[in-house]
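Based on what follows, work out the 3D shape:
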Amino acid sequence: MATEEGGSGLNIHPMDQFLIKPLFGDSGLVGTFTITNVTLWMALSVVCIIVLMVLGTRGRAIVPSRSQSIAEVLYGFIHKMIEDTTGKDGLAYFPYIFTLFIFILVANIIGLLPMSFTSTSHIAVTATLAMAVFLAVTAIGFAKNGLGFLGMFWVSSAPLALRPILALIEIISYFVRPVSHSIRLAGNMMAGHAVIKVFAGFAVVTWIAPASILAITAIYALEMLVVCIQAYVFTILTCVYLKDALHPSH
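All right, here's what the predicted structure looks like:
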């Protein structure tokens, strides 16, 4: 939102687009089971994924349609990422990792639509995804290696006197993973959309409107790249964490 106040300047509120609002009722209160704009746009992301991955590929034609081609490219891309990062052992977890990637990618992309809401700009959403990865990877690590999983915190190649200090650093960095994992995605989504809103606010000023529109176009192009990169980064970090769980001694 941007308005001119008495000709003295602009009143731009780039963070208003991230407010969580209930879809029904006028109270404005958000409870545990309140259906909000976040709920709506996450549901729309799931619907888009179903249309692309299920309805678009159910024919499995020899000459693929556009939706089938997109689905096959995404499938092959994530399959190769997991195999290259974790080895063939990690392919058993392909469904979960692919689901993470496609959900984040689609949620990021539809968040660029006018009047939409970017669910991945909220730390509550990204923290839930990151914590799920953290807990799943930790459980897999202990299930596959037992107490040997703790060996990843003990740097045996370092001098003996430094090993306890390095172990403490490794433990802290391990438990910080879900924090950095979630903040990176939410922060990038929020920052890009806030910048777009700021430049959109300047479009109401006649003499700088053309420059503002050009800036918005350029930032939108950059954001299209960012939303794909951030989905990739979240997924590749998940693969790296999974590799540590499967092969803690590497």
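
CA atoms for contacts and neighbours, from now on please.
Noted.

So which residues of the protein form strands?
2-4, 10-12 (DSSP state E).

any idea which of the ones you listed scores lowest on pLDDT?
Among the strands of the chain, strand 2-4 carries the lowest mean pLDDT, a mean of 47.

buried sites along stretch 164-175?
Ala167, Glu170 (16 or more other Cα atoms under 10 Å).

could you dump it to PDB, C-alpha only?
Taking Å, rounded to 0.1, in the frame of the first residue of the first chain, the C-alpha atoms of stretch 164-175 are listed here in PDB:
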ATOM      1  CA  PRO A 164      36.400 -32.000  22.600                       C
ATOM      2  CA  ILE A 165      36.200 -28.400  21.500                       C
ATOM      3  CA  LEU A 166      35.500 -29.400  17.900                       C
ATOM      4  CA  ALA A 167      32.800 -31.900  19.100                       C
ATOM      5  CA  LEU A 168      31.100 -29.000  21.000                       C
ATOM      6  CA  ILE A 169      31.200 -26.900  17.900                       C
ATOM      7  CA  GLU A 170      29.800 -29.700  15.700                       C
ATOM      8  CA  ILE A 171      26.900 -30.400  18.200                       C
ATOM      9  CA  ILE A 172      26.000 -26.700  18.200                       C
ATOM     10  CA  SER A 173      26.100 -26.400  14.400                       C
ATOM     11  CA  TYR A 174      24.000 -29.600  14.100                       C
ATOM     12  CA  PHE A 175      21.200 -28.200  16.300                       C
END
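
avg pLDDT for it?
92.

which residues touch that stretch?
Phe153, Trp154, Val155 (Cα atoms under 8 Å, 6 or more residues apart in numbering).

unless I'm mixing things up, the last one is touching Pro248, no?
No - applying Cα atoms under 8 Å as the test, Val155 and Pro248 come out as separate, 10.9 Å apart.

For the closest residue to Ile140 other than its chain neighbours, give me the pLDDT.
Spatial nearest neighbour of Ile140, excluding adjacent residues (Cα to Cα, 6 or more residues apart in numbering): Ala245 at 6.3 Å. For Ala245, the model assigns a pLDDT of 91.

Can you get me a residue count around Ala245?
For Ala245, the neighbour count with other Cα atoms under 10 Å is 26.

List the residues that contact it.
Per Cα under 8 Å, 6+ apart, neighbours of Ala245: Val137, Thr138, Ile140, Gly141, Phe142, Lys144, Phe149.
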